[in-house]
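Following is a predicted model, sequence given first.
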Amino acid sequence: MIYGSIEAGGTKFVCSVADQELEIIERQSFPTTTPKETIGLVNGFFKEYAAELVGIGVGSFGPIDIHRDSPTYGYITSTPKLAWQNFDFVGTIKESFQVPIAWTTDVNAAAYGEYLFGNGSGLSSAVYYTIGTGIGGGAIFDGQFVEGFSHPEMGHMLIQPHPKDSFAGVCPYHGNCLEGVASGPAIEKRAGKKGQELDEEDAHWELIAYYLAQCAYNTTLMLSPDVIIFGGGVMKQRHVLNKVKTAFKQLLNDYVEVPDLDHYLVTPKLEDNAGTYGCLALAKEHQLHS
């Protein structure tokens, strides 16, 4: 038996297959272009494993429809990526592979990977944020995703602008929401260069840390999770996390007692593999219960 994983990101798709122990056998990535082109490459990747494939886990950029009783379940819905708007993702994959498909957001998948195998392992709850091209958040409590009428869109929470920041933000919907001011494109537009090109002491990092600290503050007071994990490309600048911890401590001002910050605000133990392992685990669980 082989399980499949599709991490459907706004920039690239990462496809993997693994054995029953979730040991990865092969992995490939493809640029996210049009559904016809990208899904064609995805199908080509899984084709040679079709005889043994028993389930696929998909973590997709969104927004997506997660409600099984909805006529558009399995669709990417109102995404800014025009070619993918109202695309029947699950239905299209099922045309080629008649196996159970677990369907969730890309950040939920990463959250699940970290919850099972990374910095959330052994804990009852975890919140995962990806800080990259966009900002998304996923929360897990006692093994269940926090969802209601839809999945959370925590990356678009409203935050207070830093007193030194007059940047209007890049979010086409909300301007200076969290994604609008702290995502990779926001850093580049504000600073005139990409985050990885900025010096550690560049003043822009004070702004980003302040916004991510507000994110952690809001999450702490709303959900009280056991751990908050910050992943994504922006967090690969290792110095950012320490700046976030400092700003978070100031914002919280000892209002509530939280776990030791070195274990409470962390980056992913699985690094870029969190989403892959989350999708594979979801594929296995979904197949076992189908």
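Sure thing, it's come through. Numbers count the residues shown, from 1 in each chain.

how about the strands in the protein?
Secondary structure of the chain (DSSP state E): strands located at 2-8, 12-18, 24-31, 53-60, 75-76, 87-88, 101-105, 125-131, 135-141, 144-145, 228-231, 265-266.

which other helices and strands contact the helix with the most length in the chain?
Across the chain, the helix with the greatest residue count (assigned by DSSP state H) is helix 204-223. With contacts defined as 3 or more Cβ pairs under 8 Å, 6 or more residues apart in numbering; DSSP states H and E, the packing partners of helix 204-223 are strand 125-131, strand 135-141, helix 178-182, helix 184-191, strand 228-231, helix 239-252. C-betas here are computed from N, CA, C, even on glycine.

List the buried residues in it.
Within helix 204-223, the residues scored as buried using 16 or more other Cβ atoms under 10 Å are 204-205, 207-220, 223.

Just give me the neighbour total for the nearest residue to Tyr211 once chain neighbours are set aside.
Among residues not flanking Tyr211 along the chain, Ala182 sits closest, at 4.3 Å (Cβ to Cβ, 6 or more residues apart in numbering). Burial of Ala182, expressed as a neighbour count using other Cβ atoms under 10 Å, amounts to 26.

do Pro259 as well
Using other Cβ under 10 Å, the number of residues around Pro259 comes to 13.

wait, what's in contact with it?
With contact set as Cβ atoms under 8 Å, 6 or more residues apart in numbering, Pro259 has these partners: 226-227.

Just the pLDDT for it.
In this prediction, Pro259 carries a pLDDT score of 97.

State the distance from it to Gly231.
Applying Cβ to Cβ, to the nearest Å, the value for Pro259 to Gly231 is 19 Å.

same check, this time on Arg190
Separation of Arg190 from Gly231 (Cβ to Cβ): 22 Å.

Between those two, which is the more surrounded one?
Per other Cβ under 10 Å, whichever of Arg190 and Gly231 has more neighbours is Gly231, with 28 against 19.

The more buried one contacts Ala126, correct?
No. Taking Cβ atoms under 8 Å as the definition, Gly231 is not a contact partner of Ala126, at 11.6 Å.
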